[in-house]
Every structure is written in C-alpha cells, then in structure tokens.
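Asks: Output the structure for:
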Amino acid sequence: MIIKKIRFLIFIILTFCYCAPRERPEGLPVYHCYKTSEEIIIDGNITEDAWKKAEEAQFVNFDGSVPEQKTTFKWLWDDVYLYGAFHVEDKDIWSTKTVYDDSLWLEEV
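Replies: The predicted structure is shown next:
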C-alpha cells in the first residue's frame, strides 16, 4: 500500500515539473501582432491607418548581427486574414525579363 502512495506522489511531482511554465530564453525577440478592424486593401501600399499602429521589426542574421541590406516587416490580423508588409533593400537589382508579365519565376527572385 505504501508503494502505491509513493508511486502516486512521484507521478504528481513529475507531472507538475513537466507542466510548469518555462521562461523564455533571454534575448529572444518577441513580436506583437495587433488585430485591426479597418479594411486592408491589398495593393502594395501600406497607407491605411492600421499599418501606422503596427509594430515594425527587422530581420537579423543567424548570428545576431545586423544585415548589410535592411529588411523590415509588419503584421496585422483581423477575423479572417493575416496581413504582412515587408520593406526590403537590395543593392543589386537586375533582370533579363523586360516584358510586362514575363516569366519572372525563371529569374532569381
């Protein structure tokens, strides 16, 4: 009978240890994605007021250093969609495709 009680006690202790909340590692960034009730028009322009309230964040390299060419992003969501806006710098833009709606997917995009 005492063995069953000890097993049960060990089970309870291990369960609490496993389910205990873990702290987020220090230095790990947190991004807050805000909900919007404003209609977002998908047109490549982020002129709606909701975008002004959205938090802007920057991508970093895997080693934590700042990239040579900056890339920032913003996220919003509503009851139906998740919206993302990116601003990407590229110092070496080129293309061999010059016709509107040409097969750009064959390039380095």
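Asks: Give me the three-state assignment for I10.
Replies: Secondary structure for I10, judged by DSSP: H, G, I helix; E, B strand; the rest coil, is helix.
Asks: just V66 next, same as before
Replies: V66 - assigned by three-state DSSP - is coil.
Asks: T72 versus the residue lying closest to it once chain neighbours are set aside, what's the distance?
Replies: Closest residue to V66 in three dimensions, ignoring its sequence neighbours and counting by CB to CB, 6 or more residues apart in numbering: V60, at 6.2 Å. For the C-beta atoms, the positions are set from N, CA and C on the backbone; glycine is no exception. Distance, V60 to T72, using CB to CB, to the nearest Å: 11 Å.
Asks: which residues sit in contact with the residue nearest to the spatial centre of the chain?
Replies: With distances taken as CA atoms, centre = their mean, the residue of the chain nearest its centroid is Y31 (6.9 Å). Contact partners of Y31, counting by CB atoms under 8 Å, 6 or more residues apart in numbering, are 55, 57, 75.
Asks: what's the answer for T36, then?
Replies: 50, 53, 76-78, 83.
Asks: Of the residues you listed, keep whichever come out buried.
Replies: Among those, those classed as buried by 16 or more other CB atoms under 10 Å are 50, 76, 83.
Asks: Among those residues, which one lies nearest to G64?
Replies: Set against G64, the nearest of the buried ones among the contacts of T36 by CB to CB is L76 (26.8 Å).
Asks: helix or strand right after the helix or strand where that closest one lies?
Replies: Using DSSP states H and E, L76 falls within strand 71-77. Downstream of strand 71-77, the next assigned helix or strand under DSSP H and E is strand 82-88.
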